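Trainee: let's see this in three dimensions:
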Amino acid sequence: MQIQCRLIGGIGSGDDAFGNQITAGDHSYTLDAVGRNITDSDAADQTNRTFQYSGADNTIASDGNYTYSYDPSGGLTGVNAGSSPGSGLLAITDAHDDVIGTFASGATSLSGSATYDPLGNVTATGGVMGRLGYQSGWAGVSLTYRYLSFEQGGGTVVKHLSLGGPMLMVSFTF
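Mentor: Numbers count the residues shown, from 1 in each chain. I've put the predicted structure just below:
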């Protein structure tokens, strides 16, 4: 599989010797031995985020602010802010694994909800705990999915990302 990045806008990026992205604009990333993002440092606002994973895959167990729990099949079941047991919320996902709501145990209504268009853009949100969203993927403060498209005839998937304004296009050829 060939991965190609093209910058549209003006944010520079850098890769390590293995082709993993380690800088993007004001962000720098530290990766573990299997290429997962362990830290995200933002020079512009002087913040650092540390990620922890559940097992050897890319299932996020913690993003530094929230911890996430999953059922045995890998579906998101809960989100907890802080270190107090029992202070978390249960998560609701749809058929596409989009996080569409959170609620407290025993509650009769949602404490938060979110909706997405077919391309992964948030169309409405309010009160959802955590940073998991579209297809249960982690979404940073400035990173939002713009759209995913398929180019005809070439077996190419194109994902367009917005990093706080400018557009980045990433092509995956298979």
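
Trainee: pretty sure Gly74 is touching Thr59, no?
Mentor: Yes: when contacts are counted by Cβ atoms under 8 Å, Gly74 is listed as touching Thr59 (6.3 Å). Any C-beta I mention is one placed from the backbone N, CA and C, and that applies to glycine too.

Trainee: for Asp40, see how far away the residue nearest the centre of the chain is.
Mentor: The central residue of the chain, meaning the one whose C-alpha is nearest the mean C-alpha position (Cα atoms, centre = their mean), is Trp138 at 2.0 Å. With distances taken as Cβ to Cβ, to the nearest Å, Trp138 is found 10 Å from Asp40.

Trainee: quick one: common contacting residues for the two?
Mentor: Counting by Cβ atoms under 8 Å, 6 or more residues apart in numbering, the shared contacts of Trp138 and Asp40 are Phe51.

Trainee: so for the strand or helix carrying Ile38, what gets flagged as buried?
Mentor: Ile38 is part of strand 37-42, with elements assigned from DSSP states H and E. Counting neighbours by 16 or more other Cβ atoms under 10 Å, one finds that the buried residues in strand 37-42 are Asn37, Asp40, Asp42.

Trainee: which one is His96 nearest to, not counting chain neighbours?
Mentor: Spatial nearest neighbour of His96, excluding adjacent residues (Cβ to Cβ, 6 or more residues apart in numbering): Gln135 at 6.0 Å.

Trainee: thought that neighbour was touching Ile100?
Mentor: No: contact between Gln135 and Ile100 fails when scored by Cβ under 8 Å: they sit 11.4 Å apart.

Trainee: higher neighbour count, those two?
Mentor: Neighbours were tallied for Gln135 and for Ile100 using other Cβ atoms under 10 Å; the higher tally belongs to Ile100 (19 against 15).

Trainee: ok so Asp97 is a helix residue?
Mentor: No: with DSSP: H, G, I helix; E, B strand; the rest coil as the criterion, Asp97 is located in coil rather than a helix.
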